[in-house]
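Engineer: Need coordinates for the following:
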Amino acid sequence: MVLLCWLLAGAVAPAVDAQENLGAWMAERRESYAKWTAANPDHEARLAAFVRAAREVGAGLLSESSPAGMAASLKARSASASQTDLETARQMFFQGVQLFQEGVFEAARKRFDQGLEKDPGNGQAHYFLAETLMRLKDAHGAKRHYELTALLDPLSVEAAKAEVAAAKLPTTTLVQPVVAKVPGAGYAFRDCAECPEMVTIPPGRFNMGAGDGYENEKPVHKVTIGQPFAVGKFEVTRGEYAAFVAATGHSTAGDCDTYTRGRSGGRYEMNDAASWRDPGFAQTDRDPVTCVSWDDAKAYVAWLSKKTGKEYRLLSEAEWEYVARAGTSTAWWCGGAEACLDGTAWYSSNSGRGGRGTQPVGSKTANPFGLYDIHGNVWEWVEDCWNDGYSGALAKGEAWTSGDCSHRFFRGGSWNYEPGFLRSAIRLVNSTTLRNNSSGFRVSRTLLP
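Structural biologist: Residues are numbered from 1 along each chain as shown. Modelled structure (predicted):
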């Protein structure tokens, strides 16, 4: 479903080429990179330690795809817990029971959660947490803990009660968003002076899609990201793209769809003269590059990979939505009310209408993963081929490379779109050769052992 044609969104300022001298940009980047490398002599060791820890956690998450797998993982973690942790968990459990009996349910929930962090295989604690969640009107969470009670301690009185209670609750396969706690997550680094700044992302699992969204956002389904990876802290900038073009001679032909606004709304029109150098509005080298196709983005990551010896790539759709949500389940990572976008995103209300188009990256608030402009500024190309909906979607975060691969998705919304098109679940698709002045990209990097 191609949605990228007509939308009622912002006006564009006159085109002015404001690109800074590439030589000056490179000199500044080399100086800052030299300072960073001098200040971080243990960079490779820190990155390797994060990868080792994150992969161990990720393997556990993948083994928890079924309730039985989750129960086995929890038992193993309890078996390896220290006596100190087990004693702390026992105290938290008894405090939770007392608070539960006193009717102080929110405080009881916190105590049970604290105890289960230390001793996650305690079936009795899962049962009392389920009972507490029922009183807090969280039937979904209660059902999960009832099921774990029956699996962890099947011969107990609590297990029999849990099976009866769980059977009365609606069946669901969805899970709450989980972001693994891994030391070193959020570590920012750069592989070369011209390279984008990257941020380490831990494993996790989340519900992908939106039940109340467009048809191609359905069905909502569980995805487990079992491998750590790194993501560009910012969208690829004009300066970074200019360095790539200068190094490779990559074609910079025009033919870019530029957005214009008239009395009856806005539309894109082919402009033979427009290109990433002149997208129809003034930019700095800190603005996200635009007027780049999916093919252009793939050429850029191939260049980065060759230059650094690392595996750079585009994000998969699942990875993109995982980092966009950053452990949240609301329409935008900042919340469920459109007003939250004012401090976190550039979009039609604060950039398009009467604005000049894109804005310098990083000038709004970062999300919990430390990523800027994940909503708005420019749409971001991802790896996946066009499949109209999530029926048969992959569950481990991989890119969907079957379907109509002459068309690919981009995510996140842009400077000239309304809030509904900035949602974490929104999916737009177009030809791999399309260039327009509201689309750019963000890079990912595979973290090898």
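Engineer: in the longest helix along the chain, what's buried?
Structural biologist: In terms of residue count, the longest helix belonging to the chain (DSSP state H) is helix 43-63. By neighbour count on 16 or more other Cβ atoms under 10 Å, the buried set for helix 43-63 is Leu47, Phe50, Val51, Ala53, Ala54, Arg55, Val57, Gly58, Gly60, Leu61, Leu62, Ser63. No exception for glycine: its C-beta is placed from N, CA and C like everyone else's.
Engineer: Pick the one among these closest to Pro183.
Structural biologist: For these, the minimum distance to Pro183 (Cβ to Cβ) is 6.0 Å, reached by Ala53.
Engineer: mind listing the helices for the stretch 101-250 of the chain?
Structural biologist: Using DSSP state H, counting those that start in this stretch, the helices found in the stretch 101-250 of the chain span residues 105-118, 123-135, 139-152, 157-167, 238-248.
Engineer: Just put the ones you listed in CSV and tack on mean neighbour count and distance to Tyr187.
Structural biologist: Supplementary listing: the helices of the stretch 101-250 of the chain in CSV, determined by neighbours: other Cβ atoms under 10 Å; distance: least, Cβ to Cβ, whole Å:
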stretch, mean neighbour count, distance to Tyr187
helix 105-118, 19, 23
helix 123-135, 23, 33
helix 139-152, 23, 31
helix 157-167, 17, 40
helix 238-248, 20, 20
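Engineer: mind giving me JSON lines with those and columns for distance to Ala324 and mean pLDDT?
Structural biologist: Shown next, in JSON lines, are these (distance: least, Cβ to Cβ, whole Å; pLDDT from 0 to 100):
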{"stretch": "helix 105-118", "distance to Ala324": "26", "mean pLDDT": "91"}
{"stretch": "helix 123-135", "distance to Ala324": "28", "mean pLDDT": "93"}
{"stretch": "helix 139-152", "distance to Ala324": "22", "mean pLDDT": "84"}
{"stretch": "helix 157-167", "distance to Ala324": "32", "mean pLDDT": "91"}
{"stretch": "helix 238-248", "distance to Ala324": "21", "mean pLDDT": "96"}
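Engineer: ok, the residue nearest to Arg109 when sequence neighbours are not counted - contacts?
Structural biologist: Nearest residue to Arg109 in three dimensions, chain neighbours excluded: Thr132, at 5.0 Å (Cβ to Cβ, 6 or more residues apart in numbering). Contact criterion Cβ atoms under 8 Å, 6 or more residues apart in numbering gives Gly96, Phe100, Phe105, Ala108, Arg109, Phe112 as the residues in contact with Thr132.
Engineer: Quick check: which ranges of the chain have low pLDDT?
Structural biologist: Judged against pLDDT under 70, the low-scoring parts of the chain cover residues 1-20, 63-70, 140, 170-176, 254, 260-270, 352-355, 449.
Engineer: how much space is there between Arg52 and Ser444?
Structural biologist: Relative to Ser444, Arg52 is positioned 20 Å away (Cβ to Cβ, to the nearest Å).
Engineer: Just the strands from the stretch 201-350 of the chain, written as ranges.
Structural biologist: Counting by DSSP state E, counting those that start in this stretch, one finds strands in the stretch 201-350 of the chain at the ranges 204-208, 221-225, 229-232, 256-262, 265-271, 311-314.
Engineer: Nearest to Leu371, out of those strands?
Structural biologist: For the strands of the stretch 201-350 of the chain, distance to Leu371 was read as Cβ to Cβ. The smallest value, 6.3 Å, belongs to strand 229-232.
Engineer: quick one: contacts of that closest one?
Structural biologist: 189, 196-201, 315, 319, 323, 369, 371, 442-447.
Engineer: let's see 7 Å
Structural biologist: Contact with strand 229-232 is made by 196, 198-201, 315, 319, 323, 371, 442-447, as judged by Cβ atoms under 7 Å, 6 or more residues apart in numbering.
Engineer: between these, which is closest to Arg277?
Structural biologist: The shortest separation between Arg277 and any of those is 19.3 Å, and it belongs to Pro196 (by Cβ to Cβ).
Engineer: leaving aside the residues next to it on the chain, what's closest to that closest one?
Structural biologist: With Cβ to Cβ, 6+ apart, the residue lying closest to Pro196 is Gly232, at 4.5 Å.
Engineer: Beta-bridge partners for the one you found, please?
Structural biologist: With DSSP bridges applied, the residues forming beta bridges to Gly232 are Met198.
Engineer: how much space between it and Val361?
Structural biologist: As for Gly232, its distance to Val361 is 9 Å (criterion: Cβ to Cβ).
Engineer: Likewise for Ala210?
Structural biologist: Ala210 is 26 Å from Val361, by Cβ to Cβ.
Engineer: and the two most separated of the buried residues of helix 43-63?
Structural biologist: Pairwise distances among the buried residues of helix 43-63 were taken by Cβ to Cβ; the largest, 24.8 Å, belongs to Leu47 and Ser63.
Engineer: quick one, what contacts the residue positioned nearest the centre of the chain?
Structural biologist: A centroid search over the chain (Cα atoms, centre = their mean) returns Val323, at 1.2 Å, as the residue closest to the centre. Applying Cβ under 7 Å, 6+ apart, one finds that Val323 lies in contact with Ile201, Val231, Phe369, Leu371, Ile374.
Engineer: Could you tell me which of the residues you listed count as buried?
Structural biologist: Among the contacts of Val323, those buried by neighbour count (16+ other Cβ under 10 Å) are Ile201, Val231, Phe369, Leu371, Ile374.
Engineer: Can you pull the domain assignment for the chain?
Structural biologist: As recorded under automatic domain parsing, the domains making up the chain are 6-41+180-446, 63-167.
Engineer: Point out the most buried one among these.
Structural biologist: For the domains of the chain, average neighbour numbers computed from mean count of other Cβ atoms under 10 Å are highest in domain 6-41+180-446, which has a mean of 20.
Engineer: tell me the SS of Phe410?
Structural biologist: strand (DSSP: H, G, I helix; E, B strand; the rest coil).
Engineer: Across the sheet, point out what pairs with it.
Structural biologist: According to DSSP bridges, the residues that bridge with Phe410 are Trp381, Leu428.
Engineer: my guess is it meets Glu380, correct?
Structural biologist: Yes: using Cβ atoms under 7 Å, Phe410 is in contact with Glu380, at 5.7 Å.
Engineer: would you list the helices of the stretch 101-250 of the chain in a markdown table and tack on distance to Asp287?
Structural biologist: Written out in a markdown table, the entries for the helices of the stretch 101-250 of the chain read as follows (distance: least, Cβ to Cβ, whole Å):
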| stretch | distance to Asp287 |
| --- | --- |
| helix 105-118 | 44 |
| helix 123-135 | 47 |
| helix 139-152 | 42 |
| helix 157-167 | 53 |
| helix 238-248 | 5 |
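Engineer: So for Ala71, which of those helices sits nearest?
Structural biologist: Between Ala71 and those, the tightest spacing by Cβ to Cβ is seen for helix 139-152, at 3.8 Å.
Engineer: give the contact list for Thr248.
Structural biologist: For Thr248, counting by Cβ under 7 Å, 6+ apart, the contacting residues are Trp303.
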